[in-house]
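*Asks:* Pasting the sequence and the predicted coordinates here, then a few questions.
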Amino acid sequence: MDMKNNSSILLVADNPVLCRSMCDFLSKEGHFVTVAANGAEALDLFRKSRPHIIISDLRLPKLDGLQFLDIVKNESADTPFIIISGEGAMEDAVEGLRLGAWSYLTKPVNPFELKHCVDKAMEQVRLVQESLYYRNFLDETVERRTADLLEQNARLASEINERQHQEQLTVRAMAELEKAFREKEILQSQLLQAHKLESVGQLASGIAHEINTPTQFVSSNVSFLDEAFADLSQCFKNLTEAAAEGKLTPDILRDAMTEADWEYLHDEVPKAIRQSREGLARVTSIVRAMKEFSHPGGQDAEHSDVNHLIETTVTVARNEWKYSAEVVLKLSPNLPAVPCVDGAIGQVLLNLLVNAAQAITEKLGRTPEGGKGTITITTETVGSEVLIHIADTGCGIPEEYQARIFEPFFTTKEVGKGTGQGLAIAYDVITRKHGGNLTFATVIGEGTTFTIRLPIAKGKAASSNGS
């Protein structure tokens, strides 16, 4: 079913410039766009025209975006609702997703991201409309699917409760640390945990997107399998009736198999099952990596698998680097365990990985046309130390900044884009907490390599090397 030339979109925004640019872009893409300047007008147009997709700003006069979203989801749960949030409005975006928003865009709206988001939403609309033709055959399957979903929701609720419990413990711990802020050790621990929570919050939307993509094609495959089951059930019913009447002949058998399109199903059903398993495996790996990364852990050093910490961090931060870079892992298979605080080292790796991705983005752009950059992460053992090299093909560090990059609150990013804490915290964690060293080498226009040195023997300081 080709819907692109018949698709209708309700665009709601009180900013005329934003509204006009998005309307023009979507119209050129072949969509019929209706525009509303406030929430009340949008609600009236929604109830009259029932558009395929709604794209709405969160900040609206008369009736705000979240209220409008809630009403739409109560009246038409299948209508994809894409929210537009401004920078710094992550809490509103998360609340919108909780209320049932299909996806979200951030201002300024990137045309490529807008097109991708709308195309995916239209694909969802198409799938929903196609499924209406087969609902008479799906009662039994829907029952089983509902039971599965209830079981999954129960597991998710349990995980959410556990996560909330951990967050409550973290909040209480942070409150206690704030009371003793004059003590330097406590202040450093509080700052590290706060930065980690900030990183998790910034990664949340990307992780939601990473999970949404495999979930969508798993859902599509399940719909296909429902249809295939219905066709085969009808085929078996016809053959059973023919056999009961003594009329089952090779011709009847061949006609029944042809009507059920058995040759097509024989090839496609195994593919659908295999793809669904791959999608679920991807979701499982993302959830497991996020759980390991966000777990507060202890404050004492334990012998840890550095390669596993790197793989977990790369998985969690995938949405930060996948558009502009390829990550190459060259991890030593015989790397010894290193005494370290997993949560602190994970934060250091995340800071360096995100910085590398941002350096490449600054050089090539968010969606480079001439090919992506490369982030190479290498581990090796040199003497009594484990070395971690994180190299990027970004823009390099200007000479006038090189002496200051580990200073607290020093940043080369725009106001609101960086706090200047990432590298300062990383340096403190590696040198003071682990007795190691953090250095870098950079070439303007070619890239930067950060090297982490961690002593294998607990309490043994690493050798000191200059940048």
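*Replies:* Perfect, thanks for sending it. Numbering: from 1, shown residues only.
*Asks:* Let me see the contact set for D261.
*Replies:* D231 (Cβ atoms under 8 Å, 6 or more residues apart in numbering). All C-beta spots, glycine's among them, are computed from the backbone N, C-alpha and C.
*Asks:* Can you pull the phi/psi pair for it?
*Replies:* phi 60, psi 50 (degrees, to the nearest 10).
*Asks:* Quick check: beta-bridge partners of T106?
*Replies:* For T106, the beta-bridge partners are S85 (DSSP bridges).
*Asks:* what's the burial count for it?
*Replies:* If you count neighbours by other Cβ atoms under 10 Å, T106 ends up with 17.
*Asks:* from memory it sits against I82, does it?
*Replies:* No - the criterion here is Cβ atoms under 8 Å, and T106 misses it with I82 at 11.5 Å.
*Asks:* distance of N437 from T378?
*Replies:* N437 is 16 Å from T378, where distance means Cβ to Cβ, to the nearest Å.
*Asks:* who has more neighbours, the two?
*Replies:* Shown here are N437 and T378; by other Cβ under 10 Å, N437 has more neighbours (21 against 17).
*Asks:* What pLDDT is listed against the more buried one?
*Replies:* pLDDT, N437: 92.
*Asks:* again, but for F450
*Replies:* Value for F450, per-residue pLDDT: 94.
*Asks:* so it sits in a helix?
*Replies:* No - read with DSSP: H, G, I helix; E, B strand; the rest coil, F450 is strand and lies in no helix.
*Asks:* and it, what is it in contact with?
*Replies:* 352, 356, 389-391, 438-440.
*Asks:* Would you list the phi and psi of V12?
*Replies:* According to degrees, to the nearest 10, V12 has phi -120, psi 110.
*Asks:* Quick check: next helix or strand after the one helix or strand M122 maps to?
*Replies:* Assigned by DSSP states H and E, M122 belongs to helix 111-131. As assigned by DSSP H and E, the chain's next helix or strand after helix 111-131 is helix 139-179.
*Asks:* Show me what that next one is packed against.
*Replies:* helix 184-244, helix 262-294 (3 or more Cβ pairs under 8 Å, 6 or more residues apart in numbering; DSSP states H and E).
*Asks:* Comparing the ones you listed by mean pLDDT, which bottoms out?
*Replies:* Looking at the helices and strands packed on helix 139-179, the bottom one is helix 184-244 with a mean of 68.
*Asks:* Would you mind splitting this structure into its domains for me?
*Replies:* Structural domains assigned to the chain are 6-130, 138-294, 302-455, following automatic domain parsing.
*Asks:* Regarding the shortest one, how distant is the last residue from the first?
*Replies:* Read that as domain 6-130. 15 Å (Cα to Cα, to the nearest Å).
*Asks:* Let me see the mean pLDDT of it.
*Replies:* 88.
*Asks:* now that domain, how far from the centre of its chain.
*Replies:* Centroid separation for domain 6-130 versus its chain: 20 Å, with Cα atoms, centre = their mean, to the nearest Å.
*Asks:* Same question for the last one.
*Replies:* Using Cα atoms, centre = their mean, we find the averaged C-alpha position of domain 302-455 to lie 20 Å away from the chain's own average C-alpha position.
*Asks:* repeat for stretch 440-456
*Replies:* The mean C-alpha position of stretch 440-456 is separated from the chain mean by 28 Å, Cα atoms, centre = their mean.
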